[in-house]
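**Q** Provide a 3D model corresponding to the input given below.
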Amino acid sequence: MSELEIRRLELSDAEAFMVYIANWATDTSPFKIDAVKAYAELSLEKFSDYVEKTHREETFAENPDWSTATKYFAFINGQIVGEISCRWQIEKGILLEWGGHIGYGVAPDFRGHHFAEEMVRFVLPKYRKHKISQVMISADKENLASRKSIEANAGILENIVDIDGDEICRYWINLEEQ
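**A** All right, here's what the predicted structure looks like:
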């Protein structure tokens, strides 16, 4: 398999993005992210608005409970395999409680290849540049693949919290030790 390329979306990624969101529609796992709902309104015609929105979110949060965020997408041979969001203000909304600095997902067709692990490894230096020395990242207790991705990046389990009946593992990655 080719090397993973991780970067922000560009307007030229429109067709690959449409295939990516169609892939999410096939997700039958109990841990699926809300990508299908989030992308339900997107079409080829609205893609440029979406790209603009993701770039705007890097400096402006539309809701006071949301963090500014930088969203990266992972590509293999021009296909989008997953996405990862770097949230910069963990004190916003539910992020400190259980959402974390980092949110990610790998599309169903591309799971099992350690892409999430590589995406997390890619974003950690971005936090150092933002002078953030500890990064919180969470996973559903039963999502062993996600937990292994976090642990492979030196994630240390702090605790498990109950959020509306779901057990969420809260991990911290100390960037000063890496």
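**Q** Assign a three-state SS to residue 53, would you?
**A** Classification of residue 53 using DSSP: H, G, I helix; E, B strand; the rest coil returns helix.
**Q** okay, now it: neighbour count?
**A** When neighbours are defined as other C-beta atoms under 10 Å, residue 53 has 12 of them. Just so you know, the C-beta spots here come from the backbone N, C-alpha and C atoms, and that holds for glycine as well.
**Q** ok, it to residue 112 distance?
**A** 31 Å (C-beta to C-beta, to the nearest Å).
**Q** How far does stretch 155-175 stretch from one end to the other?
**A** Using C-alpha to C-alpha, to the nearest Å, one end of stretch 155-175 lies 10 Å from the other.
**Q** likewise stretch 129-143?
**A** Its start and end residues considered, stretch 129-143 measures 30 Å (C-alpha to C-alpha).
**Q** for it, which positions count as buried?
**A** Within stretch 129-143, the residues that count as buried by 16 or more other C-beta atoms under 10 Å are 132, 135-139, 143.
**Q** tell me the mean pLDDT over that stretch?
**A** The pLDDT scores in stretch 129-143 average 96.
**Q** Check which helix or strand the spatially most central residue of the chain maps to.
**A** For the chain, residue 104 is the residue whose C-alpha lies nearest the centre (C-alpha atoms, centre = their mean; 2.1 Å). Applying DSSP states H and E as the criterion places residue 104 in strand 102-106.
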